[in-house]
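Enquirer: Fold the following, please.
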Amino acid sequence: MTEAREFTFQDYLGIASRRKWLIVGCILLSLTIALALCLILPRSYISSTLIIVESQKVPEDYVKGVVTGTVEDRLEMIQQMLRSRTLLTRVIEMFNLYEEDRGKGLEHRIGRMRKNIAIDKTKNNQAFTLSFEHEIPITAQKVTATLADILIKENLSTREQLVEGANEFLASELTGAKQELEAREKAISEFKRAYMGELPQQMEANLRTLDRLQVEGFTQNETLSSLNARLGVIEKAIKEYEITGTPSMELPASTRKTGHRLSRLTELERKLATLSMTYKPNYPDIVQLKEEIAGLKAEPPANDDELTDDLLGQERKSVGPRPADPYLRELNRQRGEVKVEIASVKERLSRLSGQIKDYEGRVERAPTREQKLMVLVRDYENMQKNYQALLEKKLNARIAENLERRQKGEQFRVIDPANTPEKPEKPNKPLILLGGLLIGCGLGFGMAVLLEQIAKSFNYPEEAEIFLGLPLLAAIPSFQTAFAHSGKFLPLTTEGPPSSPPVRSKGLLQYRGKGPNQEARPENGRAVQRGFSPELNLVAKWRPMSVVAEQFRVAATKLTLMSAEREHTVVVVTSAVMGEGKSSTAANLGYVLAQDLGKATLLMDCDFKRPVLHAYAGAEPEPGLAKVLHKDHPLEDCLQKLGDLPLWILPAGSTARRPVELSKMNQLSAILSTLRSRFDYIIMDAPPILPLADMNVLASMADIMALVVRAGTTGRDVVKNALKALRIPNQAGIVLTGLQADWTPYYMQQEYYLGSDAEKHL
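Expert: Predicted coordinates for the structure are as follows:
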């Protein structure tokens, strides 16, 4: 598989030059079709109207519009509105549009009208153009005006409906929000009522009360300890008195005289002093203590004695009758009083303990209540905000509704009424013709490039190298380039033999006849006048400063490099088929080797079917190699020296009477062995590979094979098959001939050298 070659700009120019008639034909065909379309397509007229979008007259800072959205969104809505089936059906029936398509159904007519309606926005999106296309100008104008009027009315109606719908929706939502807000308020009230005393805002009061109760409990515990100690002292005194009959010295006289009322009063006053340091005078416990102290102070002293007597009576019942002893009686009375006080203190402590537990429970449950209350309050606040927002929107919607009803909101207004078109918009003849021209150019050039891509011949040297896998010896431009600009320097035409000077001509001819009077043809295949000398194919002689001659010098130089290790080299020049230019290539190579490189060179014409090498070299056709093979003449008699150069030629000779058999070709090996020692280079002009079998024998005798391929003519597969059928020598190369000017790089064209002084010496 060969690699694709990338085309350059010069390559594309060459393709356009070679395929110009194909490109021109495609352009003419496209223009013809475009012109036919301009004549065939029906005419249509477009009427348009300009509608501006007016913003609301009251600033939005005061009244916010309910109908929001960008102009693009509203225009999209307008487009959908204008394409609605109901609206289009009404307009179609109103103006009897598309009567010719009535048989195709209403849907088809609606589809046509949708295609003919267009809405185009302006740059600032503050206006838009509504247009309608129709075959009749007045109909287009009437339909456009009607559509604009319907559009404006529908816009007003739609906006009013949107505002009314928004107002009703907001009213419904506001009622629901109010009900939910009242439900939240009721839930919060019931929660506070159910958990009164455990609410977060009562936490501080609960903590203060708890502190007070704990202080009071501490005080009561101290009082209880003091009373228990006093009771122990009294009981000990009673026991000692009963045993010894002597009063105990541990019991103070003041204690013995203190009554129950006084001790209680003292305790209450101490407690009052403690609470007064923490709380205000109007605190409930302080007020209660003050009332109790006032009551004790108001009691008569006899009460204490009666209470003591009652306790002593109970003790007497339990102990039994005793003799009346004032001291013992006093002790029993004091003991009874202390026990009463102890019972009172214990009751007080029990009550305080319950209160402390109650307040501790309140404090512990306060976070839970706070969390639940926060949820209720948060929902209530959110609902309240929602209610306020809905209320504001409801008020704004009511104002917006009044705004729309008074037509103070955003509106559509026609500033450029629908016009009656005078010129048809379609078909656009300049555009169609331009499109046809562009399509024709693109199609023609594309086909030209495609044909070049799929071409089976070689057009560029790189293609030949890549496809055949052989090195390129030279890329020979067309011989016409050597004579195109300087035909006046050619020798004059003669009617003599082939050895006579060549004729003046502007084209290089390739000899295709059998004699000097036969018709000659140039490389492009066009016939020219009779009597043209085939010696013009020896371009290296007649145009030594041309690019063609220079490329032959390049090929000769590469041959010398390839044969550097050999003293004597046999080069066979052949081609896949005839007409490739192998004989002219062999003649020019031999001339360059002798003239420019000073090599002793022999030109040997081995093409017995079409011998033309002698005509190119200007030598006699007889005697030749055929006579040597038939042993009619010795080899020395057949060698002809060409001028003063170290150049000789061994022509093929005439084979009309005695053809050279293939068996005779084997004798060439002995002849070449004889000639090798005398010449540095032997250039063999061999027959083509495919038509004849001679080349298989000649290839085995050569050291180097030069395969001549004509550019743009010889098929790639033909050359490939020829190489497969041939045993190629160790060294081989390609000579690509017939390169056209558009295929040749600029540095290989004759114009590259026209500015130099070299051409002056031609």
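
Enquirer: Let me know the pLDDT of Thr144.
Expert: At Thr144 the predicted local confidence, pLDDT, stands at 89.

Enquirer: What count of nearby residues applies to it?
Expert: Under the neighbour criterion other C-beta atoms under 10 Å, Thr144 is assigned a count of 25. Backbone N, C-alpha and C define where each C-beta goes, glycine included.

Enquirer: Which residue, neighbours along the chain excluded, lies closest to it?
Expert: In space, Thr144 comes closest to Ala418 once its chain neighbours are excluded; the distance is 3.8 Å by C-beta to C-beta, 6 or more residues apart in numbering.

Enquirer: Pretty sure that neighbour sits against Gln141.
Expert: Yes: look at Ala418 against Gln141 with C-beta atoms under 8 Å: they come within range, at 5.0 Å.

Enquirer: overlap in contacts of the two?
Expert: Contact with both Ala418 and Gln141 is made by residues Ser47, according to C-beta atoms under 8 Å, 6 or more residues apart in numbering.

Enquirer: After the longest helix belonging to the chain, which helix or strand is next?
Expert: Ordering each helix of the chain by length in residues (DSSP state H) puts helix 326-405 first. Past helix 326-405, heading to the C-terminal end, the next element that is a helix or strand (DSSP states H and E) is strand 411-416.

Enquirer: ok, residues contacting that following strand?
Expert: So strand 411-416 is contacted by 48-54, 127, 148, 151-152, 155-156 (C-beta under 8 Å, 6+ apart).

Enquirer: one step back: the residue nearest to Thr144: what secondary structure?
Expert: Secondary structure, DSSP: H, G, I helix; E, B strand; the rest coil: Ala418 is coil.

Enquirer: from the middle of its chain, how far away would the helix or strand harbouring Tyr241 be?
Expert: Secondary structure from DSSP H and E places Tyr241 in helix 203-244. Taking C-alpha atoms, centre = their mean, to the nearest Å, one finds the center of helix 203-244 at 91 Å from the center of the full chain.

Enquirer: From the contact counts, what lies against it?
Expert: helix 260-276, helix 326-405 (3 or more C-beta pairs under 8 Å, 6 or more residues apart in numbering; DSSP states H and E).

Enquirer: Which residue ranges make up the domains of this protein?
Expert: If the domains of the chain are taken from automatic domain parsing, they occupy 9-40+427-454, 45-158+410-416, 201-363, 461-478+539-656+663-754, with pieces of a single domain joined by a plus sign.

Enquirer: Out of those domains, which gets nearest to Arg378?
Expert: With C-beta to C-beta, the closest approach to Arg378 among the domains of the chain belongs to domain 201-363: 16.1 Å.

Enquirer: For the closest residue to Asn221 other than its chain neighbours, which residues are in contact?
Expert: Spatially, and ignoring its direct neighbours in sequence, Asn221 is nearest to Leu349 (6.9 Å; C-beta to C-beta, 6+ apart). The contact partners of Leu349, by C-beta under 8 Å, 6+ apart, come to 217, 220-221, 224.

Enquirer: Tell me the confidence at Pro498?
Expert: At Pro498, the pLDDT value in this model is 34.

Enquirer: Oops, could you answer that again for Glu661 instead?
Expert: Here, the pLDDT recorded for Glu661 equals 62.

Enquirer: can you tell me the distance between the two ends of stretch 412-429?
Expert: One end of stretch 412-429 sits 36 Å from the other (C-alpha to C-alpha, to the nearest Å).

Enquirer: Mind checking the pLDDT average for that stretch?
Expert: Over the span of stretch 412-429, the pLDDT mean works out to 80.

Enquirer: buried set for that stretch?
Expert: When burial is assessed from 16 or more other C-beta atoms under 10 Å, stretch 412-429 yields the following buried residues: 412, 414, 418-419, 421, 424, 427.

Enquirer: Just send the residues you listed back as JSON lines, with distance to Ser276 too.
Expert: Formatted as JSON lines, the buried residues of stretch 412-429 follow (distance: C-beta to C-beta, whole Å):
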{"residue": "Phe412", "distance to Ser276": "84"}
{"residue": "Val414", "distance to Ser276": "91"}
{"residue": "Ala418", "distance to Ser276": "98"}
{"residue": "Asn419", "distance to Ser276": "102"}
{"residue": "Pro421", "distance to Ser276": "106"}
{"residue": "Pro424", "distance to Ser276": "111"}
{"residue": "Pro427", "distance to Ser276": "112"}
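
Enquirer: Which single one of those residues is nearest to Pro646?
Expert: Pro646 lies nearest to Pro427 out of those, by C-beta to C-beta, at 77.2 Å.

Enquirer: Not counting sequence-adjacent ones, nearest residue to that closest one?
Expert: Nearest non-adjacent residue to Pro427, counting by C-beta to C-beta, 6+ apart: Leu41, 4.1 Å away.

Enquirer: Report pLDDT for that neighbour.
Expert: pLDDT, Leu41: 80.

Enquirer: That one touches Lys426, doesn't it?
Expert: Yes: because the distance of 6.8 Å satisfies C-beta under 8 Å, Leu41 is recorded as touching Lys426.
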